[in-house]
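A.B. asks: okay, predicted coordinates and the sequence, questions at the end:
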Amino acid sequence: MKQSFTRPFSFIAKNLSSLLLVVLGFLMAPGVQAQDVCQLIPLSLEERVQAAQVVVEGKVISQRSFWDEKHENIYTASQVEVYKVFKGEPTATTVEIITEGGRVDMDLHVYSATLSLKKEQQGVFFLQSPKPSPKAKLAKTGYTVFGSTQGFIKYQLTEGTAKDPFTRYASIPLEVYGSLARLSGRTLKAVKANTDLDIALKPKPATQNQRRSIPTIDNFSPKSLRAGTGDVLTITGTNFGSTRGNGYVEFRNSDDGGKTFVKPLATDYLGWSDTQIRVKVPSYGIDGGTAGTGDFRVVNNDPNTATSASPLNIIFAHSNVSYESEERKIEEQSVQTRLISQNGQGGYTFRFGASFEANTAALYAFKRSMNEWSCTTFVNWNTVSNNPVANTADDNINAVRFATASDDLPANVLGRTISRYRGCISGTVLNFWVDEIDMEFAQRSDWQYGPDASTNRQFDFQSVVVHELGHGHQLSHLILPKAVMHYAVARGQSSRTLNPENDIAGGNYVMERSRTASPCGEKPMEPKPANACAIPVELIELEAELTVNNQVLLQWTTQQENGITAFAVERSPDGETYTTIGTVPASGTSTTPTSYEFLDTSPLTVLNYYRLRLIRANTVVEEYSEVVQVAGPNFVRQIAPNPGGNETTLFFNTTEKEVLHLAIFNTAGQLYREWSLEVTPESNKYDITLFPAQKEGKTDMYPTRRGLFLIKWSTKQENGVIRYLKLE
Ligand SMILES: [Zn+2]
């Protein structure tokens, strides 16, 4: 925490517990075994004590982020002053703890479901001994935290309590020290006095704060707004104090379902008077965390607390990053992120790890999840096949992988998203854009990949992927069980469909921002067209050939099918306008390769383009196979249109991949130009430029622009001549 809160106030337990009951009531559906905070499975205190070599109480006193030796990932080294030891022997009274992510100048890596520490935070750390990381050779070694976010019990000094992702500890001496002593089998060893905590835990005269001014909240507006978009909440009431001082507003933290509160950054306050506060609703608070739906509180400088009588509704939360620089004299502030055209084709292209791609059920679940976003917000995401990625690194490759190395994912994390940002400063305006998105998923035997529903002993893979893609889309958590961006997914619970009011509204907001040109010259994202938003889920190998009877035989194979009811066969004369010429029923759900065929008894005479449209029950998303071209019975090798220009099209069919040699002569037999191009059976049509020099404007290199030319072609077996009238 940035500000020092040395004077605790009495914690208003009534409101917190009533909200928790509401939240838990929503979540505790029958059969639910566990609650998961952003893809975490609980680790018991016992498991954490056993797995850690060293357990200490300490405070982060300084931090530095750095690139690993290969310049693949950014890590942060935090110096932690040790106050108490519960297990093991720390190497010194100040230990170094390495966490993933951080910022080096304008490069910033943010991991979901992964511990990130901030200066001044204190609590209990479950540490694993320094060891060289096999994943990425670190420039330095230090302790790592076992279980990542679960390996840190964070103290909340203003309340004298502590919390980790699943548990709130009302009493640090009883519930934290007591449990640790019992589990480690030894009494705690004090290294240094923890002055902040001692003051926080000291009993106070009950009337101390009450003699001062007690704030009240009379009203607030609007009742519903968005976090991380700059939306401003105006709170009216009394006794807020004429200036903020050490006062603050705090919102329910959607990263833990509202167990704790989020305080806005100092730069988020736009106005503070005795009767009115204006504050931006943060998606990145002082301690991280995102403002979520629920009651909020105003704490004045005394400090006394007022709690809102009714909840504030958070519609969605747009991910912000924080930036501060002493060098540049920039106070800590939150910055809205944006998506760009990273692949030069309007968006981002994902590549898969080999074991992910080999697991077709997982691969198809990923593609379905991607289509869920791409066909609602039109976020421009694509995938490529058969080009596996080996690791997760800042390498301009958007990787989707199963964790393979033991240190890929922290213990008990189901999946996580790494947003790699790059930034620039234009004037005084900070900009950060998503330069790369990487995703890691746990390899587990209890995944349900779909399309079947998960049992209450399984985790729903597609729900996890849709949620993680939401983080990639630059959305943060909500406290709203009906939304995909709700902070928790429980075993047996599936949440594969985006909800329009929250998830899609949030995605649309990010798209709107991302479509405008970045002040730093990055190419904006181009939304996918609505009629081609989905990528085909099943890999379909479509082949077509002209038979001896002048019919076209189409054959295709699916490797695995998930709920396809039929294939519509579509044909086009130009590859642009398609009509349906027939339908073939699908096997429906199959886990083994299945083959199909269709005979086009009256193909178009010159050129035919074919594709398959996949028909599924319960979806309007249009998915297509790749396109194949087939020359019709009257196909001739020609240049068309003829007469035509310098840039034109060569129609040429072949049964094997070969080199086609071309030469241009005038009618007097004078050779102007020779060149070669590769022709393949998959294509019948090639864009060619007769005289590249003319295209470049060097017209004097050729005697004539207009006239009749003879274009001789030859392959290994055949040759011929095309007469071409060039008009320009
Ligand atoms: Zn999450």
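C.D. replies: Here it is on my side, so go on.
A.B. asks: poorly predicted segments of this protein, please.
C.D. replies: The chain contains residues with pLDDT under 70 at 1-38, 130-141, 204-211, 405-407, 489-492, 560, 590-591, 618-622, 699-704.
A.B. asks: helices of that one, residue ranges please.
C.D. replies: 13-27, 45-51, 178-184, 195-201, 354-358, 360-374, 461-472, 505-515, 692-695 (DSSP state H).
A.B. asks: just say which of these is most tucked in.
C.D. replies: helix 461-472 (a mean of 26; mean count of other Cβ atoms under 10 Å). Quick note: C-beta positions are derived from backbone N, CA and C, even for glycine.
A.B. asks: show me the contact partners of that helix.
C.D. replies: For helix 461-472, the external contacting residues (Cβ atoms under 8 Å, 6 or more residues apart in numbering) are 38-39, 112, 319, 362, 365-366, 368-370, 372-373, 381, 414-417, 419, 434, 437, 439, 441, 447-450, 484-485, 489, 493-498, 503, 506-507.
A.B. asks: how far is it from where the chain is centred?
C.D. replies: Relative to its parent chain, helix 461-472 has a centroid offset of 8 Å by Cα atoms, centre = their mean, to the nearest Å.
A.B. asks: and the helices of the chain: which comes nearest Cys533?
C.D. replies: Closest approach to Cys533 among the helices of the chain is made by helix 360-374 (4.7 Å; Cβ to Cβ).
A.B. asks: can I get that closest one as PDB, trimmed to CA atoms?
C.D. replies: Output of helix 360-374 as PDB, limited to C-alpha atoms (Å, rounded to 0.1, in the frame of the first residue of the first chain):
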ATOM      1  CA  THR A 360      -8.000 -32.200 -30.900                       C
ATOM      2  CA  ALA A 361     -10.700 -31.900 -28.200                       C
ATOM      3  CA  ALA A 362      -8.700 -29.200 -26.500                       C
ATOM      4  CA  LEU A 363      -7.900 -27.500 -29.800                       C
ATOM      5  CA  TYR A 364     -11.600 -27.500 -30.900                       C
ATOM      6  CA  ALA A 365     -12.700 -26.200 -27.500                       C
ATOM      7  CA  PHE A 366     -10.200 -23.300 -28.000                       C
ATOM      8  CA  LYS A 367     -11.400 -22.500 -31.500                       C
ATOM      9  CA  ARG A 368     -15.100 -22.600 -30.300                       C
ATOM     10  CA  SER A 369     -14.100 -20.200 -27.500                       C
ATOM     11  CA  MET A 370     -12.400 -17.900 -29.900                       C
ATOM     12  CA  ASN A 371     -15.400 -17.900 -32.200                       C
ATOM     13  CA  GLU A 372     -17.600 -17.000 -29.300                       C
ATOM     14  CA  TRP A 373     -15.700 -13.700 -28.900                       C
ATOM     15  CA  SER A 374     -14.900 -13.100 -32.600                       C
END
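A.B. asks: gap between it and the chain center?
C.D. replies: 13 Å.
A.B. asks: give me the helices and strands touching that helix, please.
C.D. replies: Contacts defined by 3 or more Cβ pairs under 8 Å, 6 or more residues apart in numbering; DSSP states H and E place helix 360-374 against strand 348-352, helix 354-358, strand 381-383, helix 461-472.
A.B. asks: any idea what Trp675 is bridged to?
C.D. replies: Beta bridges link Trp675 to Leu662 when assigned by DSSP bridges.
A.B. asks: pretty sure it is touching Leu660, no?
C.D. replies: No: Trp675 lies out of contact with Leu660 (Cβ atoms under 8 Å); the separation is 9.6 Å.
A.B. asks: who's more crowded, those two?
C.D. replies: Neighbours were tallied for Trp675 and for Leu660 using other Cβ atoms under 10 Å; the higher tally belongs to Leu660 (19 against 13).
A.B. asks: residue contacts, that one?
C.D. replies: When contacts are counted by Cβ under 8 Å, 6+ apart, Leu660 touches Phe652, Thr654, Ser676, Leu677, Glu678, Val679, Trp713, Ser714, Thr715.
A.B. asks: ok so, going back, any idea which of the helices and strands packed on helix 360-374 gets closest to Ala693?
C.D. replies: strand 348-352 (35.0 Å).
A.B. asks: what lines up beside the closest one in the sheet?
C.D. replies: Short version: by DSSP bridges, strand 348-352 pairs with strand 381-383 (parallel), strand 398-402 (parallel).
A.B. asks: got the contact list for that strand?
C.D. replies: With Cβ under 8 Å, 6+ apart as the criterion, strand 348-352 contacts 339, 342-343, 363, 366, 370, 380-385, 387-389, 397-401, 434, 436-437, 439.
A.B. asks: pull out the buried members of these.
C.D. replies: 339, 342-343, 363, 366, 370, 380-383, 389, 397-401, 434, 436-437, 439 (16 or more other Cβ atoms under 10 Å).
A.B. asks: buried subset of the contacts of Leu660, written for ChimeraX?
C.D. replies: Of the contacts of Leu660, the buried ones can be selected in ChimeraX as follows, counting by 16+ other Cβ under 10 Å:
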select :652,654,679,713
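A.B. asks: show me the contacts of Leu660 that map onto strands.
C.D. replies: Ser676, Leu677, Glu678, Val679, Trp713, Ser714 (DSSP state E).
A.B. asks: got those as JSON lines, with distance to Ala568 columns?
C.D. replies: Shown next, in JSON lines, are the ones in strands among the contacts of Leu660 (distance: Cβ to Cβ, whole Å):
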{"residue": "Ser676", "distance to Ala568": "39"}
{"residue": "Leu677", "distance to Ala568": "34"}
{"residue": "Glu678", "distance to Ala568": "33"}
{"residue": "Val679", "distance to Ala568": "30"}
{"residue": "Trp713", "distance to Ala568": "37"}
{"residue": "Ser714", "distance to Ala568": "41"}
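A.B. asks: for Pro603, state which of these is nearest.
C.D. replies: Val679 (20.8 Å).
A.B. asks: please parse this protein into its domains.
C.D. replies: 31-201, 337-532, 540-631, 638-726 (automatic domain parsing).
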